[in-house]
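Participant: Sequence and predicted structure below; questions after.
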Amino acid sequence: MSKAARRTTSRSRRRPTRDLVALPGGLFAMGSNDHYTEEAPPPPVRVGAFRIEPVAVTNEQFARFVADSGYVTVAERDLDPSDYPGAPPQNLQPGSLVFTPTTGPVDLRHLSQWWAWTPGASWAHPTGPSSSIKKLADHPVVHVAHEDAAAYAVWAGLALPTEAEWEYAARGGLDSKPFTWGDEARPNGQIMANTWDGLDFPWRSSGESGYLRTAPVGSFPPNDFGLFDMAGNVWEWTADWWTTRHPDDVGSPCCAPADPRGGDLEASYDPAQPQFRVGRRVIKGGSHLCADSYCLRYRPAARRPQMIDTGMSHLGFRCVSRDADDEGTS
């Protein structure tokens with residue numbers, strides 16, 4: 001780990017526990033008019049009280065779930081060719097998408113240049129069949145499709161957060177601020193999240209943070225709610241179907257919708273890929289691949305669509321509870 005990363009870690013105000021963090025809920029402006037069109041407009045919305053895991057679900061936790069339930073993730077299952085018309089035969093075997101740095105500058109409009117379909121990649125083998133999570137117990141689990149995350153949540157007696165709940169939690173009470181910690185990407189030069197170091201994405205990282213891929217959960221300072229990694233490290237699943245924008249007609253703060261939900265399955269399909277009738281859910285938080293020169297999405301307002309059947313090496317999740325009577329742990 002670099003000196004910068006060690007300094008950042010040492011400044012964390014407190015280390016994460018496994019106890020869920022109780023949030024009171026309330027009114028906040030969801031989204032932003034300042035960055036990407038899918039974040040606009042920022043309507044006032046209200047969420048009820050809930051509890052949320054302070055960190056993303058780790059490999060250690062997910063391994064306990066698999067051992068207890070015998071669950072097999074989507075990335076580990078055989079594929080049906082009829083579900084993927086036109087796909088190359090070599091891609092029709094269990095696997096997942098793994099980030100693969102390029103050897104030099106590339107056209108950033110073509111994601112396929114740094115994402116490689118990797119047979120044998122899964123939550124237990126994050127970069128391919130010869131890799132393991134033996135030394136990654138406290139890293140966030142990745143390569144989980146939406147149904148994998150939802151299955152874990154049911155096993156744990158919890159649920160996946162809505163987009164509104166996730167964003168409210170990420171903001172940490174700092175309404176309308178661009179980052180989970182305030183106004184500046186690096187206050188006083190401090191690295192606040194595991195994102196891409198430097199401007200040379202996807203081929204050269206400065207290594208300033210000490211991480212090229214995931215970091216152990218809780219390696220960077222928490223927000224003011226005591227939640228870690230609500231920016232960077234891994235994108236996180238929510239329960240909501242994808243919509244291209246927030247609603248325009250949600251009213252004023254006095255009449256803000258309570259616990260709003262996203263769109264529906266039919267509207268979530270990708271119009272650019274009509275051959276794939278696969279629903280897309282909202283993911284939040286950005287990841288270790290968010291570079292300021294390419295993807296400024298490690299902000300609470302940021303949101304992206306993700307096909308529900310697809311896990312990736314920078315995608316994980318955390319859970320919530322809306323039951324005031326539960327034990328508050330997972």
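Facilitator: Perfect, I can see it now. All values derive from a computational prediction rather than experimental measurement.

Participant: Quickly list what the closest residue to Y211 other than its chain neighbours is bridged to.
Facilitator: Nearest residue to Y211, sequence neighbours excluded (CB to CB, 6 or more residues apart in numbering): N194, at 5.3 Å. Where you see a C-beta, it was placed from the backbone N, CA and C, and this is true even at glycine. Counting by DSSP bridges, N194 is bridged to G232.

Participant: And W237, its phi and psi?
Facilitator: The phi/psi pair for W237 (degrees, to the nearest 10) reads phi -70, psi 150.

Participant: wouldn't it be in contact with R281 here?
Facilitator: Yes - W237 is within contact range of R281, at 6.2 Å (criterion: CB atoms under 8 Å).

Participant: list residues touching both of the two?
Facilitator: H146, Q306 (CB atoms under 8 Å, 6 or more residues apart in numbering).

Participant: So which of the two has more stuff around it?
Facilitator: W237 (30 against 24; other CB atoms under 10 Å).

Participant: From W196, how far off is that one?
Facilitator: Applying CB to CB, to the nearest Å, the value for W237 to W196 is 21 Å.

Participant: And for G104?
Facilitator: 16 Å.

Participant: which of these two has more neighbours?
Facilitator: Using other CB under 10 Å, the more surrounded residue of G104 and W196 is W196, with 26 against 8.

Participant: List the residues that contact the more buried one.
Facilitator: Counting by CB under 8 Å, 6+ apart, the residues that W196 touches are P202, S205, H288, L289, C290, A291, D292, Y294.

Participant: Could you do A75 as well?
Facilitator: Per CB under 8 Å, 6+ apart, neighbours of A75: P94, G95, S96, A121, S122, W123, H143, V144, A145, G311.

Participant: How about H139?
Facilitator: H139 neighbours (CB under 8 Å, 6+ apart): T58, N59, I133, T214, A215, P216, V217.

Participant: Those residues into TSV, with extra columns for pLDDT and neighbour count?
Facilitator: As requested, those are exported to TSV (pLDDT from 0 to 100; neighbours: other CB atoms under 10 Å):
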residue	pLDDT	neighbour count
T58	98	23
N59	98	24
I133	98	20
T214	97	26
A215	97	25
P216	98	19
V217	98	25
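
Participant: from the residues you listed, which ones fall inside helices?
Facilitator: Here DSSP state H is the test, and those give N59 as lying in helices.

Participant: gap between the two ends of stretch 126-135?
Facilitator: 12 Å (CA to CA, to the nearest Å).

Participant: Stretch 62-80 now?
Facilitator: Counting by CA to CA, you get 26 Å between the two ends of stretch 62-80.

Participant: list the buried ones in that stretch?
Facilitator: For stretch 62-80, burial by neighbour count (16 or more other CB atoms under 10 Å) applies to F62, F65, V66, T73, V74, A75, E76.
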